[in-house]
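Visitor: Based on what follows, work out the 3D shape:
(one chain, ligands or ions: 1)
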Amino acid sequence: MAIHKSFVKGFKSELVVHSPGRINFIGEHTDYNNGFVLPTAIDKKIVFSFQKNDSEHECKIYSSSYDKMLDVNLSDLKPSKEEWENYILGVLSEISKISNGVKGFDCIIESQLPIGAGISSSAALECGLAYGLNELFNLNLSKIELVELSQRAEHNYVGTKCGIMDQFASVMSENEKVILLDCKSKHYRLIDAHFEPYKILLLNTNVSHNLASSEYNTRREECERVREIISKTYTKVKSLREVTKSMLDEYRDELTDVLYRRAYYVIEENDRVLQASELLEKKDIQGFGKLMYQSHRGLQHLYEVSCPELDFLVDFSEDYSQIIGSRMMGGGFGGCTINLIHADSVNDYIINVKEAYRKEFNIELTSFVTVPSQGTIIQANGTKH
Ligand code: GLA
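Guide: Predicted coordinates for the structure are as follows:
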């Protein structure tokens, strides 16, 4: 802020965009297998302020979290060595492939989202920028186009071959709803998110093992390998979504133990998402919570994307009957657990779990209670739409 004070002071915002992080109740690592997920946006977000600067190609983008300025020339876009810059450069590059409407602009980005916490600050960054530019320059891109171009930005500039869940949830969510998304057809259904008397508590391990992005891409490749093998005879199989347990068993001898376990997890997790949505609709929150625990154990033992800190938190919660569901959330190897906890127990539990976590890892656990919230919105002259 010190160095860029005059930029911030002279800024005349024409448009403000709120772009939220997301949670996911169940359906982890299923999106890139064309499966099902159950995410929604949260009440923490990144706020973008935009102004046009009347230049053809020059952009100045200031991140208040990093206190860093990114100068971009739209006619010369290329990846940077700084990861946070690549989310932005990637979006600019992907937008320029489908529209020539973006001209010089300035932007201030203020984030309330912790990085590496598994609540998808990256999708919020990509989607908020794309959404804002669409509005500022009247590009007429649909919401789903914004979602998809943001995902491509992450593939092509950041190098994580992410699925569609995070961007979809960040843009398409609605207040007090969760999204049951079919990642194959992109059809979705909004389900009432009534968890009372339980609250949604996120516990942030505050670790982010740097395996995360390389292992993520490895998991994708492993799933793809299983698909390739099975589709030799089952030619209609285009993804693990179409693979059944009996098909998998037919191929057991051709698959390594690791590949077998990866695919087994994905098949079970897809089933769990569908079961969980039905239970939520029937307001069977206890049953819903049990599936969250099962999901965690699958991620821990079969898909192997958890870590000791996440496992500790889930194990710890199992001794408390007030917590009816708990699991790691997002890509894994750190970040948050999502917990369904009785409203009366939140404060006491946070004190207990923080102390136990500090004792075990000598790391400070952070926590927040969140609610299913609205996806990306434009806020102009005090009105939101
Ligand atoms: C990350 C990716 C998502 C999804 C999750 C795991 O958040 O960005 O696309 O694959 O991991 O469910």
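Visitor: Surely Thr337 is in a strand?
Guide: Yes: when the secondary structure is assigned by DSSP: H, G, I helix; E, B strand; the rest coil, Thr337 falls within a strand.
Visitor: My guess is it contacts Gly325. True?
Guide: No: no contact is recorded between Thr337 and Gly325 when judged using C-beta atoms under 8 Å, the distance being 10.1 Å. For every residue, glycine as well, the C-beta is placed using N, CA and C.
Visitor: Just the CA atoms of stretch 234-251, as CSV, please.
Guide: Presented in CSV, the C-alpha positions along stretch 234-251 are these (Å, rounded to 0.1, in the frame of the first residue of the first chain):
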residue,chain,number,x,y,z
TYR,A,234,-16.1,-50.7,-23.3
THR,A,235,-15.9,-48.2,-26.1
LYS,A,236,-18.6,-46.0,-24.7
VAL,A,237,-16.6,-45.2,-21.6
LYS,A,238,-15.3,-41.7,-22.0
SER,A,239,-14.5,-41.0,-18.4
LEU,A,240,-14.6,-42.7,-15.0
ARG,A,241,-18.1,-41.5,-14.7
GLU,A,242,-19.3,-44.3,-16.9
VAL,A,243,-17.2,-47.0,-15.2
THR,A,244,-19.0,-49.4,-12.8
LYS,A,245,-17.5,-51.5,-10.0
SER,A,246,-18.1,-54.7,-12.0
MET,A,247,-16.2,-53.3,-15.0
LEU,A,248,-13.4,-52.3,-12.7
ASP,A,249,-13.3,-55.8,-11.2
GLU,A,250,-13.2,-57.4,-14.7
TYR,A,251,-10.0,-55.4,-15.2
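Visitor: can you count the residues close to whatever residue of the stretch 251-385 of the chain ends up closest to the ligand?
Guide: The minimum distance from the stretch 251-385 of the chain to the ligand, using C-beta to the nearest ligand atom, falls at Gly331 (3.5 Å). Residues lying near Gly331 (other C-beta atoms under 10 Å) number 24.
Visitor: And Thr244, by the same measure?
Guide: Counted with other C-beta under 10 Å, residues neighbouring Thr244 total 12.
Visitor: measure it to the ligand for me?
Guide: Using C-beta to the nearest ligand atom, to the nearest Å, we find Thr244 at a distance of 21 Å from the ligand.
Visitor: go on, Leu92?
Guide: Taking C-beta to the nearest ligand atom, one finds Leu92 at 20 Å from the ligand.
Visitor: Hmm, that residue is touching Leu74, no?
Guide: Yes: with contact defined as C-beta under 8 Å, Leu92 reaches Leu74; the gap is 6.5 Å.
Visitor: hey, what's in contact with both of these two?
Guide: Taking C-beta atoms under 8 Å, 6 or more residues apart in numbering as the contact rule, the neighbours common to Leu92 and Leu74 are Cys59, Val102.
Visitor: Pull out the buried positions in the longest strand seen in the chain.
Guide: Scanning the chain for the strand with the most residues, using DSSP state E, yields strand 39-52. When neighbours are counted by 16 or more other C-beta atoms under 10 Å, the buried residues of strand 39-52 are found to be Pro39, Thr40, Ala41, Ile42, Lys44, Lys45, Ile46, Val47, Phe48, Ser49, Phe50, Gln51.
Visitor: which ones are touching Arg262?
Guide: For Arg262, the contacting residues are Arg219, Glu222, Cys223, Val226, Leu302, Tyr303, by C-beta under 8 Å, 6+ apart.
Visitor: Figure out the helix or strand that it lives in.
Guide: Using DSSP states H and E, Arg262 sits within helix 257-281.
Visitor: Pull the longest strand of the chain out as CSV, backbone CA atoms only.
Guide: What follows is strand 39-52 as a C-alpha-only set of coordinates in CSV (Å, rounded to 0.1, in the frame of the first residue of the first chain):
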residue,chain,number,x,y,z
PRO,A,39,-20.4,-27.2,-3.7
THR,A,40,-21.6,-23.6,-3.0
ALA,A,41,-20.2,-20.2,-2.6
ILE,A,42,-19.3,-18.8,0.8
ASP,A,43,-19.6,-15.3,2.5
LYS,A,44,-15.9,-14.6,2.1
LYS,A,45,-14.8,-13.1,-1.2
ILE,A,46,-12.4,-11.1,-3.3
VAL,A,47,-13.5,-7.6,-4.1
PHE,A,48,-12.5,-6.1,-7.5
SER,A,49,-12.7,-2.4,-8.4
PHE,A,50,-12.4,-1.5,-12.0
GLN,A,51,-11.9,1.7,-14.0
LYS,A,52,-11.2,2.1,-17.7
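Visitor: quick one: Val178 is in a strand?
Guide: Yes: Val178 forms part of a strand when assessed by three-state DSSP.
Visitor: What's the separation between it and Arg22?
Guide: For Val178, the distance to Arg22 under the criterion C-beta to C-beta, to the nearest Å works out to 10 Å.
Visitor: Ok, His209 next?
Guide: Counting by C-beta to C-beta, the separation of His209 from Arg22 is 21 Å.
Visitor: Those two: which is more packed in?
Guide: Arg22 (32 against 15).
Visitor: Phi, psi for the residue located most distally from the centre of the chain please.
Guide: Among the C-alpha atoms of the chain, the one most distant from their mean position (C-alpha atoms, centre = their mean) is that of Asp253, at 35.0 Å. Backbone geometry at Asp253, expressed as degrees, to the nearest 10, gives phi -70, psi -30.
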